[in-house]
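Participant: sequence first, then the predicted structure, then my questions.
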Amino acid sequence: MAVGAGILASRLVGLLRERVLAHYLGNSEAAGAFKAALRIPNLLQNLFGEGVLSASFIPVYSRLRAEGREAEARQVAQVVFTALLFVVALTVACGILGAPVLIDVIAPGFQGEVRALTIELVEIIFPGVGLLVLSAWCLGVQNSHRHFFLSYFAPVLWNAAQIAALVAVGSRLALGASDGGARLTHAVAWGTVAGAALQLVVQLPTTLRLLQGFGLSRTLTPSVKQVFTSFLPAVGARGVVQVSAYVDQILASFIGPVAVAAISYAQQLYLLPISLFGMAISAAALPELSSVVGKSDEIAAQLRERLANERTRMSFFVLPSMVAFLSIGDAIVALLFQTGRFHADDTRLVWAILAGSSIGLVAATQARLFSSAFYALSDTKTPLRFAAVRVALGALFGWLIAQPLRAHFGWPPLVAAAGLTASAGVVAWIEYLLLSRALSARIGRVPSAWAVEARIGSASVVAGAAAFGVHRALPLGQPIVNGLSTVSVFGAVYFLVALALRLEQARHILARVLRRRAS
């Protein structure tokens, strides 16, 4: 709940940032340039934060604390911070100097003024990258101490700084001014750097208090060596997953800057359930999974039980999210983004892309949970292999759709971009099935609650049908009224049907609400 609350706050403010960005920039070339430039800090934050530190640092640190070896755990944290500080300095310097090369890699289809603007934005943003990586270290320490909220709430400040920059500059520009796009993107790029600094500063006091003393260290204990041994496979595993997103962007850049911007808007919605439920549940479970002790068969039994419970909990939230994106995705997109320069045609494009991504939503969230189980078992190589398979297949299918098939059939940008994300959804299922099979061979088959998930699916479909009817009955020219009504109907119907079908998760939520009202 703490992780989910922090992520929810961060994502809501992130959606507000996207709405402000859509209002001032729409699906313009300037918006595409900014989205492409922002990919790099997102890559490094995910790579070193959620990926590498979760896979290598948190399991070792949590296990040392569970065994009562607090001093050694603190030393591990100090050495990891020292190593990150060196990596950060080197990465920032290389990023600023090599910005033109980076743009040729992440957006090779950009030419002329769009390419020049993207290079400028990368040069501005890169110092903030280092601050985000260091804030990820704070997250690792706090999560290991079961302090979840602050580290996941801190990105609110990162988003808020960008909103402030957009409003401060955008409110002084005429909507659609010829030079407004470049000025706005420069302002929001500086906002990302300021926000990264705030995100780090707000976490440092709590992190240092939890460590009870801190300093730089280069002492290579066996535990430190274990972290670094797991580090490179974790970099590879998370790196190839991030490469998958970059492959989509590279291929989308050949469709056009508008497709790059549209995919980014769609990903803000697609990543919401992944972050709220996939990442939140996996992040909260990792220290617990890593702290399991006993004989091998006892550890396996405990892991199977915990994974089964967490997977069912995920399904209760993720399945209805997928159905909502497919059935009323256009109402959701219009509610959040359709204003200013973001028009109805943009809404349809983003919805098509979102629908394609939704195919792999369930697989993507549950794959994160199974990857956490491997990390808890000190196995970072297995997720790496399967992530590499996912990226290779995704790149192949995506290239076929964005290049030869698109040229042969003459597909418009909407169809090509939607096909690109749909292919990524299909390969997400392949990765999940490979992880599930390998984990079953390691700890035994994780029980599946098919009857429960069937009821969850039924409630989701009923809610989707009801919300779709309301959406089509209301005027489409009023996106706020239509969107709020449609989403409210979906949520209410899903929860009521879930209660009628006696789903335990719905009954727990109702009981908690009633207890709070009684108190």
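Facilitator: Alright, I've got the coordinates.
Participant: any low-confidence regions in the stretch 1-150 of the chain?
Facilitator: 1-4, 41-42, 44-55 (pLDDT under 70).
Participant: hmm, 80 instead?
Facilitator: Scanning the stretch 1-150 of the chain with the threshold set as pLDDT under 80 gives 1-8, 11, 26-28, 39-59, 61-63, 66-68, 104-111, 140, 143-144, 146-148.
Participant: average pLDDT for stretch 477-495?
Facilitator: Regarding stretch 477-495, the rounded mean pLDDT is 91.
Participant: pull the distance from that stretch to the chain's centre.
Facilitator: How far stretch 477-495 lies from its chain's middle: 25 Å, per Cα atoms, centre = their mean, to the nearest Å.
Participant: any idea which helix or strand comes after the strand or helix carrying Ala363?
Facilitator: Assessed by DSSP states H and E, Ala363 sits inside helix 361-376. Using DSSP H and E, the helix or strand that follows helix 361-376 in sequence is helix 381-400.
Participant: list the buried ones in that next one?
Facilitator: 382-388, 390-391, 393-395, 397-399 (16 or more other Cβ atoms under 10 Å). Glycine gets a C-beta too; all of them are placed from N, C-alpha and C.
Participant: mind listing what's buried along the helix or strand following it?
Facilitator: With elements assigned by DSSP H and E, the helix or strand that comes after helix 381-400 is helix 406-409. The neighbour-count check on helix 406-409 (16+ other Cβ under 10 Å) flags Arg406 as buried.
Participant: between helix 361-376 and the longest helix seen in the chain, find me the angle.
Facilitator: Counting by DSSP state H, the longest helix found in the chain is helix 296-337. Helix 296-337 and helix 361-376 meet at an angle of 140 degrees, taking axes from the mean of the first three to the mean of the last three Cα atoms, to 10 degrees as the criterion.
Participant: and helix 296-337, how far out from the chain middle?
Facilitator: 14 Å.
Participant: and the very next helix or strand once past that helix, what's its mean pLDDT?
Facilitator: The helix or strand immediately downstream of helix 296-337 is helix 344-358, counting by DSSP H and E. For helix 344-358, mean pLDDT is 89.
Participant: coming back round to it: quick one: list the elements packing against the helix holding Ala363.
Facilitator: Helix 361-376 sits against helix 58-66, helix 222-255, helix 257-273, helix 280-290, helix 296-337, helix 381-400, helix 413-443, with contacts defined as 3 or more Cβ pairs under 8 Å, 6 or more residues apart in numbering; DSSP states H and E.
Participant: just the buried positions in that helix, please.
Facilitator: 361-376.
Participant: ok, those residues vs Leu349, which is closest?
Facilitator: Ranked by distance to Leu349 (Cβ to Cβ), the buried residues of helix 361-376 are led by Leu361 at 19.3 Å.
Participant: which residue, other than its chain neighbours, is closest to the closest one?
Facilitator: Spatial nearest neighbour of Leu361, excluding adjacent residues (Cβ to Cβ, 6 or more residues apart in numbering): Met322 at 4.5 Å.
Participant: Arg502: what secondary structure?
Facilitator: coil (DSSP: H, G, I helix; E, B strand; the rest coil).
Participant: and it, its phi and psi?
Facilitator: phi 60, psi 40 (degrees, to the nearest 10).
Participant: do Val446 as well
Facilitator: Dihedral angles of Val446 (phi, psi; degrees, to the nearest 10) stand at phi -70, psi 120.
Participant: just give the nearest non-adjacent residue to it, would you?
Facilitator: Closest to Val446 by Cβ to Cβ, 6+ apart is Leu307, at 4.8 Å.
Participant: could you report the separation of that neighbour from Phe374?
Facilitator: According to Cβ to Cβ, to the nearest Å, Leu307 and Phe374 sit 11 Å apart.
Participant: and if you look at Gly464?
Facilitator: 34 Å.
Participant: and Ala99, by the same measure?
Facilitator: 35 Å.
Participant: tell me the most buried of the helices and strands packed on helix 361-376?
Facilitator: helix 257-273 (a mean of 25; mean count of other Cβ atoms under 10 Å).
Participant: that one to helix 413-443, inter-axis angle?
Facilitator: 40 degrees.
Participant: tell me the confidence at Ala324?
Facilitator: Model confidence at Ala324, expressed as pLDDT, equals 95.
Participant: for it, give me its contacts.
Facilitator: Ala324 is in contact with 332, 460, 463-464, 467, 487, 490, counting by Cβ atoms under 8 Å, 6 or more residues apart in numbering.
Participant: so of those, which ones are in helices?
Facilitator: 332, 460, 463-464, 467, 487, 490.
Participant: can I get those residues in TSV with distance to Gly109?
Facilitator: Output for these, formatted as TSV (distance: Cβ to Cβ, whole Å):
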residue	distance to Gly109
Ile332	29
Ser460	37
Ala463	39
Gly464	36
Ala467	37
Val487	35
Phe490	37
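Participant: between those residues, which is closest to Cys138?
Facilitator: Ile332 (32.8 Å).
Participant: that closest one and Asp297, how far apart?
Facilitator: Distance, Ile332 to Asp297, using Cβ to Cβ: 46 Å.
Participant: repeat for Leu272
Facilitator: Leu272 is 39 Å from Asp297, by Cβ to Cβ.
Participant: closest one to Pro479 among the helices and strands packed on helix 361-376?
Facilitator: helix 296-337 (3.6 Å).
Participant: what angle do that closest one and helix 344-358 make?
Facilitator: Going by the same axes, to 10 degrees, helix 296-337 is angled at 170 degrees with respect to helix 344-358.
Participant: between helix 296-337 and helix 280-290, how many degrees?
Facilitator: Using the same axes, to 10 degrees: helix 296-337 against helix 280-290 is 160 degrees.
Participant: so how far is Arg69 from the residue nearest to Ala182 when sequence neighbours are not counted?
Facilitator: Closest residue to Ala182 apart from its sequence neighbours, by Cβ to Cβ, 6+ apart: Leu117 at 5.8 Å. Distance, Leu117 to Arg69, using Cβ to Cβ: 51 Å.
Participant: same thing with Thr339?
Facilitator: 55 Å.
Participant: do Tyr265 as well
Facilitator: In this view, Tyr265 and Arg69 are 47 Å apart by Cβ to Cβ.
Participant: quick one on the thing from earlier: could you work out the most separated pair of the ones in helices among the contacts of Ala324?
Facilitator: Of all pairs drawn from the ones in helices among the contacts of Ala324, the greatest distance, 14.9 Å, lies between Ile332 and Ser460 (Cβ to Cβ).
Participant: show me where the stretch 1-150 of the chain has strands.
Facilitator: Assigned strands in the stretch 1-150 of the chain: none (criterion: DSSP state E, counting those that start in this stretch).
Participant: now, of the contacts of Ala324, which are buried?
Facilitator: Neighbour counting by 16+ other Cβ under 10 Å classes 332, 460, 463-464, 467, 487, 490 among those as buried.
Participant: please, which helix or strand holds Phe214?
Facilitator: Per DSSP H and E, there is no helix or strand for Phe214.
Participant: neighbours around the closest residue to it other than its chain neighbours, how many?
Facilitator: Nearest residue to Phe214 in three dimensions, chain neighbours excluded: Leu208, at 5.4 Å (Cβ to Cβ, 6+ apart). Leu208: 13 surrounding residues under other Cβ atoms under 10 Å.
Participant: start the count at 59, not 1, going forward
Facilitator: Yep, numbering from 59; the last one is Leu266 now.
Participant: how near is Leu266 to Gly273?
Facilitator: For Leu266 relative to Gly273 (Cβ to Cβ), the value is 11 Å.
Participant: thought Val316 was touching Lys93?
Facilitator: No - in this structure Val316 lies outside contact range of Lys93 using Cβ atoms under 8 Å: 10.7 Å.
Participant: what do Leu365 and Phe432 both touch?
Facilitator: Leu497.
Participant: could you pull up the contacting residues of the residue nearest to Leu278 when sequence neighbours are not counted?
Facilitator: Distances taken as Cβ to Cβ, 6+ apart place Val137 nearest to Leu278, at 7.4 Å, with adjacent residues excluded. Residues in contact with Val137 (Cβ under 8 Å, 6+ apart) are 275-279, 282, 285.
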